[in-house]
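1. Predicted model and sequence follow; I will ask about them next.
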Amino acid sequence: MAFFKDEFIDEVKASNDIVDVVSGYVNLKRHGSTFFGNCPFHREKTASFAVAPDKQIFHCFGCGAGGNVISFIMKAENLGFKESVEFLAERAKLEIPHDDYLEESQNELKIKDYHKSKMYEINKEAGRFFYQYIYKSDTAKRYITSRKLNINTIKKFGIGFAPNDNSLYKYLKSKGFKEDDMLATGLVGKSSSGILYDKFKDRLMFPIFDIRGRVVAFGGRTIVSSAEQKEKHIPKYVNSPENLIYKKGNHLYGLNIAKGTGNKLNKILVVEGYMDVVSPHSYGVTNVVASLGTALTQNQGKLLRQYADEVVLSYDSDEAGQNAIMRGIDILQSLNVVCKVLVMEGAKDPDEYVLKFGADKFRDLVDKSITAVEYKIRILKNRFDLKDTTGKIKFMNKMAEILAALPNNIERDIYVQKLSEELGVGKEAIVAEIEKVLFKDKTKQDKIIVSANTPENNSSTEKSDIEESIIYLLTLKNKSIFEKVKKYVLIDDFKDATNKAVLCKLYDAYSNNIMNEVDLTTIFDNEQELSKLTKIMMKENTSNDFEKVTDEVLGFFNKQKNENRKLELLKLMKETTDEELLKLYQSELREIIQQSTNKAL
């Protein structure tokens with residue numbers, strides 16, 4: 001792992017206020033001194049994602065994610081530490097000191113970069129190899145003719161053909177590539193007897209490019225008939241596996257072309273298959289990309305946000321397609337991206353629609369896409385019998401949840417008016433149901449805030465709560481509090497394993513005199529420990545007399561510790577047959593009881 005000097009990291013964090021950065025991903029609302037919003041790392045209805053500007057940390061009380069502004073970007077953008085620091089440095093327009101890496105880390109990076117560069121080279125050569133075979137196969141020629149693909153489209157997308165032999169492996173070997181690098185790309189496989197072979201055979205090949213125009217993977221589509229596919233159990237698609245240079249959830253097929261010169265597009269259409277991208281492009285509709293899977297991912301949503309003001313989703317109309325659209329809507333809305341849905345009739349997908357009706361009608365259809373809320377209304381109407389009173393009530397209850405989630409009151413009022421007219425239900429009744437949902441959500445959020453600041457009192461959590469209180473006192477970076485705590489609290493006194501690990505690192509930071517110099521979140525590389533730390537740090541100060549609070553907490557801790565030891569001693573006394581040990585146990589027990597009596601007096 002590569003590192004920057006601490007001074008530069010501190011400058012990056014100081015130049016990127018965590019509320020400003022997180023607001024680019026989450027719609028935050030202030031509640032007291034803390035900001036809350038829906039977590040970008042898991043799906044939720046109630047905002048449990050908290051950001052504390054005074055401490056420059058975040059914590060989700062739902063999934064446990066927590067950290068500082070750098071760790072937020074690492075999760076939000078799916079980047080490593082080095083890349084996240086650079087991302088934030090560029091955001092703040094800071095000059096990146098590339099010579100600040102450690103020498104050992106540079107060597108590790110060079111080895112990794114070498115293998116990545118070889119994989120890019122292999123993919124590039126493979127793309128050229130497949131492309132030159134596109135017109136050598138009669139089956140491939142018949143297929144591209146039937147799909148009305150012209151030479152310009154084939155060239156633009158680099159579409160090729162994989163012959164039914166092992167000629168790609170032989171070709172790559174002749175170019176001097178090593179077997180390990182070939183295997184790493186997933187283009188070549190290895191049999192149990194050690195023989196290398198081509199993994200893509202007799203398939204139309206679609207190179208997948210990243211936004212920098214590098215070939216990162218391939219998708220191979222069979223071109224045999226549906227009957228032959230079923231008879232011989234031939235999969236319709238074979239795709240490159242994820243590897244060092246390819247994570248399918250981080251890419252969108254066709255985005256390298258759709259983004260054009262770099263100017264932000266008005267809208268981008270997201271479809272399922274390769275041909276759903278290629279066919280519209282061949283007719284001049286170039287703002288189309290594919291999600292390389294059944295559903296959109298968070299990172300793909302971020303890419304779309306970067307290149308378009310509006311995203312239109314177009315997946316199959318079956319249940320899987322509907323679920324994919326619903327998930328896509330949630331992801332895009334969490335990223336504050338305007339999202340619509342393409343409703344198609346007369347064709348099963350964009351590929352077929354363009355072939356049947358042409359580009360102009362397809363563009364018109366895209367322009368008439370319905371809003372995310374209209375799509376959800378459409379789906380709900382199909383699930384409930386609106387002629388039946390019970391069905392209508394269930395429908396309206398679900399609609400109240402959907403409309404309550406809208407941040408814009410004007411938009412909400414428009415849908416309330418429409419539903420009132422369509423269903424013959426008074427606006428006041430609909431608004432009342434929405435307000436019920438809003439009140440319930442606010443109550444849940446208030447409970448989250450209260451739970452962050454109020455320890456539980458039941459016996460199963462009492463020990464952990466007092467341990468967390470001690471950790472909280474240590475995060476105040478007060479040397480006298482540390483000295484007092486360390487005098488009475490041994491690391492092994494903590495029963496919770498995560499609390500113990502956090503305490504150990506805080507003790508080390510104090511002992512090494514770095515406590516006041518570091519951001520506490522940076523000394524934790526274990527996610528569970530970091531989550532626990534940020535959860536504890538989210539507690540709000542309820543008293544400024546920390547010396548008094550420390551005495552009270554330690555007093556309670558010692559009382560609890562003595563009670564536990566008394567129970568242990570009684571058990572040991574009951575079990576032992578050694579007279580000397582029994583006397584020692586009895587003596588210690590009397591001492592504990594005497595201490596408790598003196599304190600009570």
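-> Thanks, I have the structure now.

2. tell me the SS of Val216?
-> What DSSP: H, G, I helix; E, B strand; the rest coil gives for Val216 is strand.

3. Also the one 4 residues further on?
-> Here Gly220 is strand, with the state taken from three-state DSSP.

4. ok, now which ones touch it?
-> Taking C-beta atoms under 8 Å, 6 or more residues apart in numbering, we find Gly220 in contact with 162, 200, 203-206, 237-239. Quick note: C-beta positions are derived from backbone N, CA and C, even for glycine.

5. wait, is Ala184 part of a helix?
-> Yes - judged by three-state DSSP, Ala184 forms part of a helix.

6. my read: it touches Leu244, true?
-> Yes - counting by C-beta atoms under 8 Å, Ala184 touches Leu244, with 6.5 Å between them.

7. ok, now which ones touch Phe49?
-> With contacts defined as C-beta under 8 Å, 6+ apart, the neighbours of Phe49 are 26, 36-40, 58-62.

8. By mean pLDDT, which helix or strand of the chain comes out lowest?
-> Within the chain, no helix or strand scores below helix 427-453, which has a mean of 66 by mean pLDDT, DSSP states H and E.

9. Can you list the low-confidence ranges for the stretch 151-300 of the chain?
-> 261-264, 294 (pLDDT under 70).

10. Break down it into its strands, ranges please.
-> 160-162, 188-190, 196-198, 203-209, 215-222, 237-239, 265-271, 288-290 (DSSP state E, counting those that start in this stretch).

11. looking at those strands, which is closest to Val278?
-> Among these, strand 203-209 comes nearest to Val278, with 7.8 Å by C-beta to C-beta.

12. now the residue nearest to Tyr315 when sequence neighbours are not counted, what's its secondary structure?
-> Leaving aside its chain neighbours, Tyr315 sits nearest to Gly321 (3.9 Å; criterion: C-beta to C-beta, 6 or more residues apart in numbering). Following three-state DSSP, Gly321 is assigned to helix.

13. would you list the strands of the stretch 151-300 of the chain in JSON lines and tack on distance to Asn150?
-> Listed next are the strands of the stretch 151-300 of the chain as JSON lines, based on distance: least, C-beta to C-beta, whole Å:
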{"stretch": "strand 160-162", "distance to Asn150": "15"}
{"stretch": "strand 188-190", "distance to Asn150": "32"}
{"stretch": "strand 196-198", "distance to Asn150": "28"}
{"stretch": "strand 203-209", "distance to Asn150": "15"}
{"stretch": "strand 215-222", "distance to Asn150": "18"}
{"stretch": "strand 237-239", "distance to Asn150": "23"}
{"stretch": "strand 265-271", "distance to Asn150": "20"}
{"stretch": "strand 288-290", "distance to Asn150": "17"}
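
14. for those, which one sits closest to Gly424?
-> Closest among the strands of the stretch 151-300 of the chain, using C-beta to C-beta: strand 265-271, at 35.2 Å.

15. strand partners of the closest one, parallel vs antiparallel please.
-> According to DSSP bridges, strand 265-271 forms sheet pairs with strand 288-290 (parallel), strand 308-313 (parallel).

16. and among these, the most buried is which?
-> Of all the strands paired with strand 265-271, strand 288-290 carries the top mean neighbour count, a mean of 26, counting by mean count of other C-beta atoms under 10 Å.

17. these two touch, right, Cys63 and Pro40?
-> No - between Cys63 and Pro40 there is no contact under C-beta under 8 Å: 10.2 Å.

18. Out of the two, name the residue with the larger neighbour count.
-> A direct count of neighbours by other C-beta atoms under 10 Å for Cys63 and Pro40 places Pro40 higher, at 21 against 15.

19. now that one, nearest residue through space, not along the chain?
-> Tyr25 (5.0 Å).

20. Same question for Val238.
-> Val238 sits nearest to Gly220 (C-beta to C-beta, 6+ apart), 4.5 Å away.
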